[in-house]
Every structure is written in C-alpha cells, then in structure tokens.
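Starting from these lines, generate the structure:
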Amino acid sequence: MKTNAEIPPPSPAFNLRPLMLAYMSCTMAMMAFVALIGPMARVLRLAAWQAGTVVTVGGVLWMVLARAWGSASDRLGRRSVLLMGVGGFMLSYWAMCALLLTSLELLPAAALVFAGLLLTRGAVGGFFAAIPSVGQALVADHVSPAGRTAALAGLGAANALGLVLGPALAAALTPLGLGLPLYVTATLPLLAFVVLWRSLPHSEHHRDMPASSVRLADPRLRRPMAVAFAAMFSVSVGQISVGFFAIDRLGLPPEQAARAAGLALTLVGVGLILAQMAVRRLKWDSLRLIRVGAAISGLGFGAVALADSSAMLAACYFVAAAGMGWVFPAFAALASNAVSAHEQGATAGSLGAAQGLGLVLGPVAGTLFYELGPGVPYVFIGLVLALVAAWPVPVAASVPAAD
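Numbering: from 1, shown residues only. Presented below is the predicted three-dimensional model:
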C-alpha cells in the first residue's frame, strides 16, 4: 500500500507533448519498415519466412528487454535511460537502413542480408522497448494518479497515429523508389532524440528511494499484466489473419485483398486514436474502462467471423480497435497506481514484457487457429476478451480509486 509520501507530487510544468511526438516518430519509423519489408524481400530474394522472422525478432527483444529498461530507469533516472534508448534506436535504425540501401545496390546473397537484418532489426526492437517502458514511468513521476489514465491515453494516441502515418508515408514515397522511404524515415529517430534532449525534465522524483521490489510475478500486477497480454495477443491475431480472411472468406483476389486489409488496419489506427481521445474526457476508473473496452473489442473481433464484405470487415476492425483504445491506457494506469513511485519503471517494463509475449505468440496462434477455419481466430479472441470483460472486480476495488 502506498503512503502519501511515496506518491510523487504532480508537476504542473511537465509537458507531455514532446514525449508524444517522440513516441509517434519512432513508431512511424518502425511501421514504415514493416510496410516496406515485403516489397524489399522480393527484390533482395528473401523468402517469406525470412521476412516474417525479421519482423518477429523485434517483438522478441522488446519482450526480453522491456523490464530491463524500466528497471534501469528506476536506478539511473528516466531522462538518461530514455535518451539512451532513443539514441540506440536511432543508430540501429540507421544501420538497418544503410544495410538495406547497400543491399538494393549490390544485391548480395540473401543469407547475408537476412543475417544483417536479424542483427539490426533486433537492435531496433530492443532499443525501442525503452520508449514505452520509460515513457510510462515518466508519466507516473509527473502526473497525479487521478490524471494518469488520460495522460497514458495521450501516449497511446500518439503511438496509434504513428501506426497509421508510418505505412502511409512509406506508401506515398515508394513509387519514387524503395530507397527514398528509408532516407526520409531515418530522420524520424533523430527528431525524437533532439526533442527529448531539449525537453525532458532533469528532476527525478524517485531517485533517493529504496530499490524496486517489483517481481515479474508480483501479485499487484497480475491483473494488469494478464490484460496487457490478452490485449496485445488479440491485436496480433487480428493483424496476421486479416489478409488471409479477405482472400478466403470474402473471395477477393490478392491485390483487392491487400487493399481491404490495408483499409481495415488503417481504421484500427483511427479507432485507437478516437477512443483514446475519448478516454481523456470520460473520467472513468481503470477497471470500468477495461471491462467496457474489452467487451466492445470482443464484439468487434467476434463479428468478423460473420463479415461478408470489405466494408463490414473494416467496420468490425474499427469497433474492435475502439474498444482496445480504452483497454490499453487503463491497464497501464491500473498497474501504475498499484505500486510506489520508485517501482514505476520496473512496473512499466513488466507490462512491456507481457505485451511482447502477446506480440510473439499471437501470430503463431492466429495461423494455427486459421487452419481450422477463417472465422475461428476471431471467435477465439472474442472469447478471450469476453473473459477479460467478465473478470470479477475485487471487493476492495468496488469503490473506484482516483486513477
């Protein structure tokens, strides 16, 4: 139980916008690469499984390192660790871009390109893990418990905007050459680093406190970590299944299926942004947001199994994303408000590890369930989210705390 002395005082001078801009910029760079890897794999003679592995390795390292970044920020300070993470992300992304640009010119053996991408993309994912983990802890340092859900929703909206703008930027620039998007997106991590260097506060509320006692299996974090895993698992299943569903259930040729999937995933970003903007006005407690958001998202995903047109598919994904837009900031705030000030970094990192596990296992489970039928993955994640929504509220939480 936290005492008043352990809760950091709100910081009126703290400005969330630079952190949002940096988060959005780095997410844009990450997602632009995801949009480019398919066409580049064809040119560089990479197999589909190699391209998929390159994308997956970033999620694996995010899962492995998220907690380490958060714990390091508890010991060393948010500013220094966040700058280290963004700086490493920038250098790793530049190395990956240099590898790809050189490979497009020289067309070396596919095995060499694959090995280089595993190293550089892995480093990109590992350093990116610092941004959400330390960013959430930074919010907890400077925002009172009553305002954390809204502030974290702001970070989530910035991330969702990056999810939409990154692929859109890549698509707009690709007709001018596969290399141009790499040159342009390479400026985004530099922008993030400069903005954070100039704006991050130097004050560290948690520094002279005891070492963090948060364990990965900490009972205070069981519920938010379970929700974090279920949410990211469901999103990952939905992402991996949508293109196949458009071909097999809707009967679309590959080109039209790609457009239908792209529209559905674009509306995911729009739904996330609008929902997380709404969170800032609703003033609901975290448990209520999780219950209602999971129920809405479960209905949206489950209804995909009945979709018979591109428009219905896109509408279902929009509804599912709108529900997720309430769930994501709510489980982060629920975890933040359950621990003390000096445990915020480790707590955010634990949530990152849970999300990373969902990001890794979701595509595997999605493809396995898809073998049973195009609608099966969606019914399954609809049931998972229904269980999250039906999870009984502890008696102690029946009177909502300010979060």
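
Can you give me the buried ones in whichever strand or helix holds S80?
Using DSSP states H and E, S80 falls within helix 78-106. Judged by neighbour count (16 or more other Cβ atoms under 10 Å), helix 78-106 contains these buried residues: 78-79, 81-97, 99-100, 103-104. C-beta coordinates here come from the backbone N, C-alpha and C atoms, glycine included.

quick one: furthest residue from the center of the protein?
Most distant residue from the mean C-alpha position of the chain: L106, 34.1 Å away (Cα atoms, centre = their mean).

how close does that residue sit to G70?
40 Å (Cβ to Cβ, to the nearest Å).

quick one, helices of the stretch 1-150 of the chain?
In chain order, the stretch 1-150 of the chain shows helices spanning 17-43, 48-76, 78-106, 110-128, 130-142, 148-173, with DSSP state H, counting those that start in this stretch as the criterion.

I'd like to know which of those helices is closest to G356.
Judged by Cβ to Cβ, the one of the helices of the stretch 1-150 of the chain that comes nearest to G356 is helix 48-76, at 2.5 Å.

I'd like the mean pLDDT over that closest one, please.
Per-residue pLDDT over helix 48-76 has a mean of 81.

could you say what helices and strands that helix packs with?
In this structure, helix 48-76 packs against helix 17-43, helix 78-106, helix 110-128, helix 130-142, helix 344-370, with contacts taken as 3 or more Cβ pairs under 8 Å, 6 or more residues apart in numbering; DSSP states H and E.

got those helices as TSV, with distance to I381 columns?
Formatted as TSV, the helices and strands packed on helix 48-76 follow (distance: least, Cβ to Cβ, whole Å):
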stretch	distance to I381
helix 17-43	21
helix 78-106	30
helix 110-128	23
helix 130-142	22
helix 344-370	8
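
Which one of these lies nearest to I273?
The closest of the helices and strands packed on helix 48-76 to I273 is helix 17-43. By Cβ to Cβ, the value is 10.7 Å.

Could you list the buried residues of the closest one?
Residues of helix 17-43 classed as buried: 18-37, 40-41 (neighbour count, 16+ other Cβ under 10 Å).

one step back: in JSON lines, list the helices of the stretch 1-150 of the chain along with distance to V319.
Rendered in JSON lines, the data for the helices of the stretch 1-150 of the chain read as follows (distance: least, Cβ to Cβ, whole Å):
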{"stretch": "helix 17-43", "distance to V319": "22"}
{"stretch": "helix 48-76", "distance to V319": "25"}
{"stretch": "helix 78-106", "distance to V319": "33"}
{"stretch": "helix 110-128", "distance to V319": "28"}
{"stretch": "helix 130-142", "distance to V319": "25"}
{"stretch": "helix 148-173", "distance to V319": "15"}
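
what about those, which gets the closest to Q344?
helix 130-142 (4.0 Å).

elements contacting that closest one?
Contact partners of helix 130-142 among helices and strands, from 3+ Cβ pairs under 8 Å, 6+ apart: helix 17-43, helix 48-76, helix 78-106, helix 148-173, helix 310-336, helix 344-370.

For the first one, give the mean pLDDT please.
Going back to what we said before, that points to helix 17-43. Averaging pLDDT residue by residue across helix 17-43 gives 85.

Quick one: work out the angle between that helix and helix 78-106.
The directions of helix 17-43 and helix 78-106 differ by 20 degrees, with axes from the mean of the first three to the mean of the last three Cα atoms, to 10 degrees as the criterion.
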